[in-house]
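1. got a structure for you, letters missing:
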């Protein structure tokens, strides 16, 4: 795997905060040529450092006002059970993130819905999946900090 140099890190820091920055503006900010920036960004994408470029939406403005973190505990931990759950949870568009965890739960889900009624529907559908012992949910009252950028 290729190591990042200072130029790569500068480019990534800028793009993490605004992926819409034109190559010309990035070049001006870090005192490099536009072709250099173009080539570096292309290579950062090809090497997988930049996985994708997305728009981060205001969930409340798109009527997704309820966010919950749900811990899922399975009744066994065979590879088949874990893989089956992981595959099935991908069919839930309301589940924005799913992490396999160590500790007191097997999976942690970040679920976003319109309201509590919509969440209850998701909860019921999750509960129908095989091998689930417990689903424990925590509802977000307010977002104190929400970042997408890593410190490099």
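-> Perfect, I can see it now. Given the structure is predicted, the values throughout are model-derived calculations rather than measurements.
2. can we go C-alpha only for contacts and neighbour counts from here?
-> Fine.
3. helices or strands up against the helix or strand where residue 136 lies?
-> Element membership for residue 136 (DSSP states H and E) is strand 132-139. Counting contacts by 3 or more C-alpha pairs under 8 Å, 6 or more residues apart in numbering; DSSP states H and E, strand 132-139 packs against strand 66-74.
4. Give the pairing partners of the strand it packs on; include direction for each.
-> strand 107-113 (antiparallel), strand 132-139 (antiparallel) (DSSP bridges).
5. returning to what we had before: buried sites along the strand holding residue 136?
-> 132, 135, 137 (16 or more other C-alpha atoms under 10 Å).
6. closest to residue 105 among the residues you listed?
-> Nearest to residue 105 among the buried residues of strand 132-139 is residue 135, at 9.1 Å by C-alpha to C-alpha.
7. I figured that closest one was touching residue 70, is that so?
-> Yes - with contact defined as C-alpha atoms under 8 Å, residue 135 counts as touching residue 70 (6.4 Å).
8. which phi and psi does the most centrally placed residue in the chain have?
-> The centre of the chain sits closest to residue 97, judged by C-alpha atoms, centre = their mean, with a distance of 5.5 Å. Main-chain torsions, residue 97, degrees, to the nearest 10: phi -140, psi 140.
9. Residues in a beta bridge with it, which ones?
-> Bridge pairing for residue 97 - DSSP bridges - gives residue 110.
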